[in-house]
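Visitor: all I have is the shape, not the residue letters:
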């Protein structure tokens, strides 16, 4: 369709074809995320806040990225952070 320049003549048909080809990929991604959420949000962890739940899901879904990070780098980063506690 693009090679014959028909996508300019029929833009709505072209958009429909693009959406139809994208739908299985988008659906699989959403199903994968809900499956991960089901594993993380158990009965014991049912009261997780939104931020903590989001952080847990990102680390679970992107575990290949986080496996490449050295634990010593993480420890050094936390040790170099300023203390958030105020003096009483």
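Guide: That came through, no problem. Predicted model only: the values in this text are computed from it and were never measured.
Visitor: who's in contact with the helix or strand residue 77 falls within?
Guide: Here residue 77 sits within helix 71-80, counting by DSSP states H and E. By C-beta atoms under 8 Å, 6 or more residues apart in numbering, no surrounding residue is in contact with helix 71-80. Where C-beta positions appear, they are placed from N, C-alpha and C, glycine not excepted.
Visitor: mean confidence for the helix or strand hosting residue 19?
Guide: If you go by DSSP H and E, residue 19 is part of helix 11-40. Regarding helix 11-40, the rounded mean pLDDT is 81.
Visitor: so which bits of it are buried?
Guide: Of all the residues in helix 11-40, those buried under the rule 16 or more other C-beta atoms under 10 Å are 36, 40.
Visitor: by contact count, what packs against it?
Guide: On a contact count with 3 or more C-beta pairs under 8 Å, 6 or more residues apart in numbering; DSSP states H and E, helix 11-40 meets helix 50-61.
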